[in-house]
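>>> Any chance you could fold what I've pasted below:
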Amino acid sequence: MRTRLFPTLLGAGIRLAVIAVPAHAANDIEATAQLCAACHGQNGVPSDPKTVPIIWGQERSYLFKQMRNYRNGERDNPIMSPIAKSLAEEDLRKIASYFAAKSWPAQAQSLRPHRRPRALPSANHAISRIFRVGRRRRA
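Numbering: from 1, shown residues only. Predicted coordinates for the structure are as follows:
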């Protein structure tokens, strides 16, 4: 139950935000894109990468098709469906173009430099012995 409660509450909050967007900002794609950033990330990195896709740098036609599918009911999601249904087709095109123009987000770099794994001490000993003495031949 807890896993379904969070998306439902988040979807309700975003629906309220979509409805509450002032009329003068409805045509402003930047304001609409801010709604997307709540889940898809301010810098293109989603809040939950396992369930929310990266939309920055994605193909325009792909983004438009997916949003239109949410709006038409071909795809269903408790968060995306109400948002897409509240937007006109022209707005979907503008949003798709907006995110397609962004660059794909950079992957987070590891804090530690990558080091080669160390061999087991017993393996090091055996290898050094073979190197010094050589292998015994079996008769």
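>>> From start to finish, how long is stretch 70-89 in a straight line?
Terminal residues of stretch 70-89 are spaced 12 Å apart (Cα to Cα, to the nearest Å).
>>> List the buried residues of that stretch.
By neighbour count on 16 or more other Cβ atoms under 10 Å, the buried set for stretch 70-89 is 70-71, 79-84, 86-87. Just so you know, the C-beta spots here come from the backbone N, C-alpha and C atoms, and that holds for glycine as well.
>>> Specify which member of these is nearest to residue 28.
Proximity to residue 28 was ranked across the buried residues of stretch 70-89 by Cβ to Cβ; first place goes to residue 87, at 12.8 Å.
>>> circling back to that earlier point, could I get the buried residues of stretch 70-89 as JSON lines with distance to residue 104?
Shown next, in JSON lines, are these (distance: Cβ to Cβ, whole Å):
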{"residue": "70", "distance to residue 104": "22"}
{"residue": "71", "distance to residue 104": "25"}
{"residue": "79", "distance to residue 104": "23"}
{"residue": "80", "distance to residue 104": "21"}
{"residue": "81", "distance to residue 104": "26"}
{"residue": "82", "distance to residue 104": "27"}
{"residue": "83", "distance to residue 104": "23"}
{"residue": "84", "distance to residue 104": "23"}
{"residue": "86", "distance to residue 104": "27"}
{"residue": "87", "distance to residue 104": "24"}
